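K.L.:
Here is a sequence with its predicted model. Questions after.
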Amino acid sequence: MQQLAWNPELPTAMRLRQLVALALTSGRPVALWRLPGAAHARLCLTLKADTALTGLPPVLEPSAPAGFAFFPFWDSDHNPPLFLPADLFFDLATPGTIQVSAAAAVRLPELRQRFAALPPTAPLPWHMSPQPVPKAATQTEYESFVAAGVAAIEQGTVQKVVSSRAVRRPLPDGFDALAAFKDLQQRYPNAFVSLVSAPGVGTWLGATPEVLAEITEDSVFRTMALAGTQPAQPGVAPAASLWTAKEMEEHAMVARYIVNCFKQLRLREYDERGPRVAAAGNLLHLRTDFAVQLNQVPFPNLGTDMLRLLHPTPAVAGMPKQPALDFLRRHEHYDRAYYAGFLGPVNLPETGSSRLFVNLRCLQLRPQEAILYAGTGLTADSDPAREWQETELKLQTIGAVLE
Ligand SMILES: C=C(O[C@@H]1C=C(C(=O)O)C=C[C@H]1O)C(=O)O
């Protein structure tokens with residue numbers, strides 16, 4: 001990547017808006033994200049939309065291309081796996097410059113011209129999905145779906161299944177996805193906040209608490225089991241919260257699944273911490289963290305291999321995986337699309353670092369409305385009305401930007 005000055009006279013917010021406009025007005029994919037705890041967002045823009053259609057899960061080795069992965073829950077023609085190569089990379093921590101790939105360097109004069117010609121106040125033409133709007137379950141429908149899940153658990157078909165639903169909400173007047181992205185960063189400093197827009201795929205906005213697979217700059221692989229939910233109580237420290245056997249069991253299944261993935265690869269040297277209580281917006285979750293020192297184990301492809309084994313985890317699908325997926329295919333009755341898939345930067349900005357998150361607490365943008373998504377892990381003790389209530393609580397995280 002080559003670093004160069006990019007319209008340093010423009011205020012940062014304007015430059016960000018114009019870079020997004022450059023992508024959207026020319027049919028190109030763009031991703032914006034802010035890592036948990038980070039002060040600044042980043043942007044990755046791909047010059048050729050068709051190069052983003054990889055059809056495969058991303059490779060996390062340092063030799064793999066740098067870019068942004070956007071992977072659906074179910075891999076299909078309707079919801080193709082994307083990898084946005086970073087032709088243009090903009091880090092809002094260093095707003096005076098952008099980084100460009102060799103392919104973009106060749107086209108710089110044209111890109112600069114197009115950028116300069118963009119009307120600064122035009123509304124942003126976000127990419128919209130060509131798929132029909134997913135069916136939104138009523139409370140009665142959702143509760144009977146949950147009851148079917150509990151029955152499947154009682155019959156022994158599955159041990160755990162994660163039911164979910166979509167909700168349609170009108171967009172407030174003057175809704176601006178970039179302003180919503182900024183709002184999410186302020187509201188949820190510890191979430192992974194993202195805004196992804198790609199032709200033929202649509203536009204997704206989210207603030208997720210769940211790491212799927214990370215490789216940090218200091219060569220540590222990390223993943224987490226995040227499951228078990230309750231509302232945060234004002235004035236009560238998260239660590240003082242009480243958890244039921246149902247929630248502990250729901251969580252333990254995810255932790256055991258991760259340990260089994262390590263076992264399948266014959267990796268024994270991992271560090272496991274938890275369960276601890278983690279706050280995410282208005283909710284508390286049980287969380288167990290796993291870490292592997294990559295320079296102390298003979299597994300150079302651990303990140304790539306674990307990613308393929310992990311997704312979809314029992315935090316979003318169920319246990320055992322295949323019967324749980326079969327149950328969802330038969331009973332869920334809507335298209336999750338990229339909800340409960342995963343997303344995040346690979347080898348970006350540093351070669352050798354990747355940060356992939358489960359796409360939760362998210363919405364999909366449509367011309368006049370937003371589709372919001374939420375799910376809950378079911379066990380034999382689940383009560384349908386309470387599970388509905390839990391999805392309502394989870395919807396509040398992303399729903400906050402529509403108020
Ligand atoms: C499925 C969602 O969240 C997942 C399910 C949880 C649970 O069932 O307790 C908790 C965290 C996430 O792993 C969602 O937010 O939609």
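P.N.:
It's in. Residues are numbered from 1 along each chain as shown.
K.L.:
Check what pLDDT Pro8 gets.
P.N.:
Pro8 is assigned 89 on the pLDDT scale.
K.L.:
Do I have it right that it meets Gly96?
P.N.:
Yes. The pair Pro8 / Gly96 is scored as a contact, 4.5 Å apart, by C-beta atoms under 8 Å. Every residue, glycine included, has its C-beta placed from N, CA and C.
K.L.:
Which one's more surrounded, those two?
P.N.:
Gly96 (14 against 9; other C-beta atoms under 10 Å).
K.L.:
Identify the residues contacting whatever residue of the stretch 1-150 of the chain ends up closest to the ligand.
P.N.:
Across the stretch 1-150 of the chain, no residue is closer to the ligand than Phe73, which sits at 10.5 Å (C-beta to the nearest ligand atom). Neighbouring residues of Phe73 by C-beta atoms under 8 Å, 6 or more residues apart in numbering: 79, 312, 316, 336-341.
K.L.:
run the last query once more with 7 Å
P.N.:
Neighbour list for Phe73: 312, 336, 339-341 [criterion: C-beta atoms under 7 Å, 6 or more residues apart in numbering].
K.L.:
ok, of those, which one's closest to Val196?
P.N.:
Nearest to Val196 among these: Gly341, at 10.7 Å, using C-beta to C-beta.
K.L.:
Report pLDDT for that closest one.
P.N.:
For Gly341, pLDDT reads 98.
K.L.:
Would you check that it makes contact with Trp74?
P.N.:
No. Taking contacts as C-beta atoms under 7 Å, Gly341 lies outside contact range of Trp74: 8.4 Å.
K.L.:
out of the two, which sits in the busier spot?
P.N.:
Counted by other C-beta under 10 Å, Gly341 and Trp74 do not tie: Gly341 has more neighbours, with 26 against 16.
K.L.:
distance of the more buried one from Ser194?
P.N.:
12 Å (C-beta to C-beta, to the nearest Å).
K.L.:
Then Trp204?
P.N.:
7 Å.
K.L.:
Go through this protein and flag its longest helix.
P.N.:
Determined from DSSP state H, the single longest helix within the chain is helix 245-264.
K.L.:
by contact count, what packs against that one?
P.N.:
Secondary-structure packing of helix 245-264 (3 or more C-beta pairs under 7 Å, 6 or more residues apart in numbering; DSSP states H and E): strand 220-231, strand 283-293, helix 302-310.
K.L.:
near the ligand, which residues of the stretch 101-250 of the chain show up?
P.N.:
Residues of the stretch 101-250 of the chain found near the ligand (C-beta under 6 Å from any ligand atom) are 162, 164, 210, 226-229.
K.L.:
ChimeraX command for the buried members of those?
P.N.:
Burial among these is assessed by 16 or more other C-beta atoms under 10 Å; the matching ChimeraX selection reads:
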select :162,164,210,226,227,228,229
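K.L.:
and which of the residues of the stretch 101-250 of the chain next to the ligand is nearest to the ligand?
P.N.:
Thr229 (3.6 Å).
K.L.:
Just the pLDDT at the closest one, thanks.
P.N.:
97.
K.L.:
list the contacts for it?
P.N.:
283, 285, 390.
K.L.:
Compare these and tell me which is most surrounded.
P.N.:
Ranking these using other C-beta under 10 Å puts His285 first, with 23 neighbours.
K.L.:
residues touching it, list them.
P.N.:
209, 226-229, 278.
K.L.:
repeat for Arg28
P.N.:
Per C-beta under 7 Å, 6+ apart, neighbours of Arg28: 45-47, 49.
K.L.:
pLDDT for the residues you listed - can I get that in a markdown table?
P.N.:
Listed next are the contacts of Arg28 as a markdown table, based on pLDDT from 0 to 100:
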| residue | pLDDT |
| --- | --- |
| Leu45 | 98 |
| Thr46 | 97 |
| Leu47 | 97 |
| Ala49 | 93 |
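K.L.:
possible to save these as JSON lines with distance to the ligand?
P.N.:
Listed next are the contacts of Arg28 as JSON lines, based on distance: C-beta to the nearest ligand atom, whole Å:
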{"residue": "Leu45", "distance to the ligand": "29"}
{"residue": "Thr46", "distance to the ligand": "28"}
{"residue": "Leu47", "distance to the ligand": "33"}
{"residue": "Ala49", "distance to the ligand": "29"}
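K.L.:
Which pair of those spans the longest distance?
P.N.:
Leu45 and Ala49 (10.8 Å).
K.L.:
between the two, who's got more neighbours?
P.N.:
More crowded of Leu45 and Ala49, by other C-beta under 10 Å: Leu45, with 27 against 19.
K.L.:
In contact with the residue most central in space within the chain, which residues?
P.N.:
Among the residues of the chain, the one closest to the centroid is Asn359, at 2.5 Å (C-alpha atoms, centre = their mean). Contacts for Asn359 were tallied using C-beta under 7 Å, 6+ apart; they are 206, 208, 338-343.
K.L.:
just Ala31 next, same as before
P.N.:
Contacts of Ala31 (C-beta under 7 Å, 6+ apart): 44, 68, 70, 84, 194, 196.
K.L.:
Name the nearest residue to the third one, sequence neighbours excluded.
P.N.:
The one in question is Phe70. Leu82 (4.2 Å; C-beta to C-beta, 6 or more residues apart in numbering).
K.L.:
If the one you found is in a bridge, with which residues?
P.N.:
Beta-bridge pairing for Leu82 (DSSP bridges): Leu53, Phe70.
K.L.:
what do you get for Pro170?
P.N.:
With DSSP bridges as the rule, Pro170 is bridged to Glu369.
K.L.:
before we move on, the earlier item: okay, buried residues for the longest helix of the chain please.
P.N.:
246-247, 249-255, 257-259, 261-262.
K.L.:
same deal with stretch 88-95?
P.N.:
88-90, 92, 95.
K.L.:
Tell me the one of the contacts of His285 nearest Gln185?
P.N.:
For the contacts of His285, the nearest to Gln185 is Pro209 (14.2 Å; C-beta to C-beta).
K.L.:
re the thing from before, can I get the buried residues of helix 245-264 in TSV including pLDDT?
P.N.:
Output for the buried residues of helix 245-264, formatted as TSV (pLDDT from 0 to 100):
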residue	pLDDT
Lys246	89
Glu247	94
Glu249	93
Glu250	93
His251	96
Ala252	96
Met253	96
Val254	97
Ala255	98
Tyr257	98
Ile258	98
Val259	98
Cys261	98
Phe262	98
